[in-house]
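Q: Have a look; sequence and predicted model below, questions after that.
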Amino acid sequence: MAGRRSAGAALLIVAGSVLESAGLVMLIPILHVATGIGGGGRLETWLARIPTMFGAVTPAAQLAMLLGGFVIVMLLRAAVLYARDALIDDLQGDFVARQRSDLLGALARAPWSRAARVPRATILTLLGTESGRVRAALVAVAQGAIALASLLVHGLLALALAPKMALAALAIGLLASVASLPGFARTGREEGTGTGRVGTYLTAIAGNFLAGLKPAYAENVRLAFLHEFDGIEAEMRDSGRRRRRARMRIALAMGLFPAIAGAGLIWFGLEELALSPALLIPILFILARMSHPLSRLNLSVRQFFLNAPAIEAFRSLAADLVAVSPPVSPHRPVPEGPIAFRDVGFRHPGGEGLTGVTLTLPPGSFLGVKGASGAGKTTLVDLLAGILRPRQGEITVGGEPLDEALLPAWRDGLAYVMQDPLLFHATVRANLLWGGLIADEREIVEALELSGIASLVAQLPEGLDTVIGEGGLALSGGERQRLAIARALLRRPRLLILDEATNAIDIAAEAVLLKRLSALDPRPTIMMVAHRTESLAWCDRHITIADGRVVSDALYEEPDHSDA
């Protein structure tokens, strides 16, 4: 489909140039009739006879017929140009959208260990400013193609009308292009290579500034971001100034060149070739029209080299992510049965991780995990979720290995709640049903009641349809965690992972929440990572991780929760 549309765009580009040239050719008989001055050239004589072929005898009738034909040709040209520009615009938009989609698709399919190493600023820059540069590169290609088609058609027309004069003009134009194109390409490439890199850096600085604005205010160091930003801006400004000055010098020369060349061509046409004014004026007009596409071609070359690195950045990152993506395997359902770690080990590039973990989780068990920061708790959780794959040992579910064929169904039945919940600038309802969840009003209210946030939502101005701000800014930390837990419950998971997911909720309210989770029937297998002893007391079993190893594994006796 894209190939046929591209071919259609190419045909429309050529058709637009041909129709423009046809309009210019019609100026010859129009001037001949209007002035009565003409030459003896065969083409000029034939064009002058066109009106009489259609029965126009008087000069007024001939002029009216020629002007009417000229208007029709121009109207047809306008329609073709509109269709051309609309089709090119659609092709450009589709290409940019495909680059974004391919990149995000590659990121979504890449292993977490690789995706996590892609800087956030890189992705944001590619989806933002670099997408605009991709579009600009495509615009440059389209404008260059239009300019080239116009040059070719106008050049052929000029050759047909006055071969010697056209050859002289084409030689001058070719000389100008050879002199200017390398400079435009070089300055464009230099500027384009640095633009994407600096843009990513500025995005990272701005992101850090916005994320750390509150502590920066508290510690009175917010101006440090500004100083760093100003330093990069100054470097960009100086570098850009040098490139722009070089480009301006080339453009100045290109601007003077047509005037000098035009004066020489007029003398050549009148004195050496003895062309009639009725022929010389249209030819000069054609050649003058050719100077614009010639200039546009030079500018398009520069614009392409300026923005082409953005296309390469998209494709390079997407190809890198695809290269490490696991092969697609036939999916299979998750069997019933316990989750088992058998001598599982994993090491991050920095050396942290887990070693020799052997652990069995019966269905419906409530496991608490504790340990110091960096001990390996999150690595254990990520292995269980299938985000990371063991470097040694094996994880099984119901006796079957947790491999690529099992992972899609396994993740469909999993709910993962982190310390900082993923919430959007959207309504409460939209946040609860994010990810394609389907739930009716009763199920939503039930999940909100289980997480202890139903009364708060009911008091919001629009209830479930209240917008909660970026990241749930309108809610407190504990309320955001409750909302995330409610969303997790709506997934109806067989495995619920709570990674410090209740640490912003006060102890008494957390006890009520954990009691409700513990009493679920049927109860999913729950793994809760926590530091507070009061939180872990609700687990029927807990393990302690230290230096990447499980150093204790104990069952809890039923605690006295009569006050909860």
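A: Great, that's in hand.
Q: contacts and neighbour counts: CA atoms only from here.
A: OK.
Q: which other helices and strands contact whichever strand or helix holds A145?
A: Secondary structure from DSSP states H and E places A145 in helix 131-161. With contacts defined as 3 or more CA pairs under 8 Å, 6 or more residues apart in numbering; DSSP states H and E, helix 131-161 has these neighbours: helix 2-35, helix 59-109, helix 163-211, helix 277-323.
Q: Worst mean pLDDT among these?
A: Per-stretch mean pLDDT for the helices and strands packed on helix 131-161 is lowest at helix 163-211 (a mean of 63).
Q: pLDDT below threshold where in the stretch 401-550 of the chain?
A: The stretch 401-550 of the chain contains no residues with pLDDT under 70.
Q: Which stretches in it count as helices?
A: 407-412, 428-432, 441-451, 454-459, 477-490, 507-518, 533-536 (DSSP state H, counting those that start in this stretch).
Q: and the fifth one, how far out from the chain's middle?
A: Between the centre of helix 477-490 and the centre of its host chain there is 30 Å, according to CA atoms, centre = their mean, to the nearest Å.
Q: what does that helix contact?
A: Residues from elsewhere that reach helix 477-490, judged by CA atoms under 8 Å, 6 or more residues apart in numbering: 415-417, 419-423, 431-433, 437, 439, 443-444, 447-448, 450-453, 472, 496, 501-506.
Q: could you flag which of the residues you listed are buried?
A: 415-417, 419-423, 431-433, 444, 447-448, 450-453, 472, 496, 501-505 (16 or more other CA atoms under 10 Å).
Q: returning to that earlier point: for the record, mean pLDDT for the helix holding A145?
A: 84.
Q: And that helix, what's buried?
A: Buried residues in helix 131-161 (16+ other CA under 10 Å): 131, 133-155, 157-159, 161.
Q: now it against helix 2-35, angle please.
A: 40 degrees (axes from the mean of the first three to the mean of the last three CA atoms, to 10 degrees).
Q: Let the chain start at 818 from now.
A: From this message on, residue numbering opens at 818, which makes the last subject helix 948-978.
Q: Helix 948-978 vs helix 876-926, what angle?
A: Using the same axes, to 10 degrees: helix 948-978 against helix 876-926 is 150 degrees.
Q: tilt between helix 948-978 and helix 1094-1140?
A: Going by the same axes, to 10 degrees, helix 948-978 makes 150 degrees with helix 1094-1140.
Q: my read: D1357 touches P1179, true?
A: No: D1357 sits out of contact with P1179 when judged by CA atoms under 8 Å, with a separation of 11.6 Å.
Q: Show me the domain layout of the protein.
A: 819-1140, 1145-1230+1310-1381, 1240-1308 (automatic domain parsing).
Q: Centre-most residue in this structure?
A: Note on the chain: the residue nearest the mean C-alpha position is L944, at 2.9 Å, using CA atoms, centre = their mean.
Q: deepest of the helices of the stretch 1218-1367 of the chain, which one?
A: helix 1294-1307 (a mean of 24; mean count of other CA atoms under 10 Å).
Q: Now that helix - C-alpha only, PDB.
A: Extracted C-alpha coordinates of helix 1294-1307, given in PDB (Å, rounded to 0.1, in the frame of the first residue of the first chain):
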ATOM      1  CA  GLY A1294       0.700   9.000  49.100                       C
ATOM      2  CA  GLY A1295      -1.400   6.500  51.100                       C
ATOM      3  CA  GLU A1296      -4.400   7.200  48.900                       C
ATOM      4  CA  ARG A1297      -2.400   6.600  45.800                       C
ATOM      5  CA  GLN A1298      -1.300   3.300  47.100                       C
ATOM      6  CA  ARG A1299      -4.800   2.300  48.000                       C
ATOM      7  CA  LEU A1300      -6.000   3.200  44.500                       C
ATOM      8  CA  ALA A1301      -3.300   1.100  43.000                       C
ATOM      9  CA  ILE A1302      -4.200  -1.900  45.200                       C
ATOM     10  CA  ALA A1303      -7.800  -1.500  44.100                       C
ATOM     11  CA  ARG A1304      -6.700  -1.600  40.500                       C
ATOM     12  CA  ALA A1305      -4.700  -4.700  41.200                       C
ATOM     13  CA  LEU A1306      -7.700  -6.400  42.800                       C
ATOM     14  CA  LEU A1307      -9.800  -5.700  39.700                       C
END
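Q: Report the buried residues of stretch 1349-1368.
A: In stretch 1349-1368, counting by 16+ other CA under 10 Å, buried: 1352-1367.
Q: Kindly check the end-to-end length of it for me.
A: End-to-end distance for stretch 1349-1368: 18 Å, by CA to CA, to the nearest Å.
Q: List the contacts of that stretch.
A: Residues contacting stretch 1349-1368 (CA under 8 Å, 6+ apart): 1169-1174, 1182-1189, 1191-1194, 1324, 1327-1328, 1331-1332, 1335, 1345, 1347, 1369-1376.
Q: repeat for stretch 1235-1242
A: 1248, 1284-1289, 1297-1298, 1301, 1315-1320.
Q: let's see 6 Å
A: Under the criterion CA atoms under 6 Å, 6 or more residues apart in numbering, residues G1286, E1287, G1288, G1289, A1301, D1316, E1317, A1318 lie in contact with stretch 1235-1242.
Q: Please state the offset of that stretch from the chain centre?
A: The answer for stretch 1235-1242 is 23 Å, by CA atoms, centre = their mean.
Q: circling back: I830: which of the contacts of stretch 1235-1242 is nearest?
A: E1287 (45.8 Å; CA to CA).
Q: quick one, what contacts the closest one?
A: F1241, H1242.
Q: burial count for L841?
A: 18 (other CA atoms under 10 Å).
Q: what's the distance between it and S1293?
A: From L841 to S1293 the distance is 71 Å (CA to CA).
Q: what do you get for R1304?
A: Counting by CA to CA, the gap from R1304 to S1293 is 17 Å.
Q: ditto for I1204
A: 29 Å.
Q: The two: which is more packed in?
A: Neighbours per residue (other CA under 10 Å) separate I1204 from S1293, with I1204 holding more: 15 against 12.
Q: quick one, phi/psi of the more buried one?
A: phi -70, psi -40 (degrees, to the nearest 10).
Q: contacting residues for it?
A: With CA under 6 Å, 6+ apart, I1204 has these contacts: W929.
Q: Let's see that with 10 Å instead.
A: By CA atoms under 10 Å, 6 or more residues apart in numbering, the contact set of I1204 is P928, W929, S930, T1196, V1198, L1224, R1228.
Q: Give me the neighbour count for the fifth one.
A: Okay, so that is V1198. 20.
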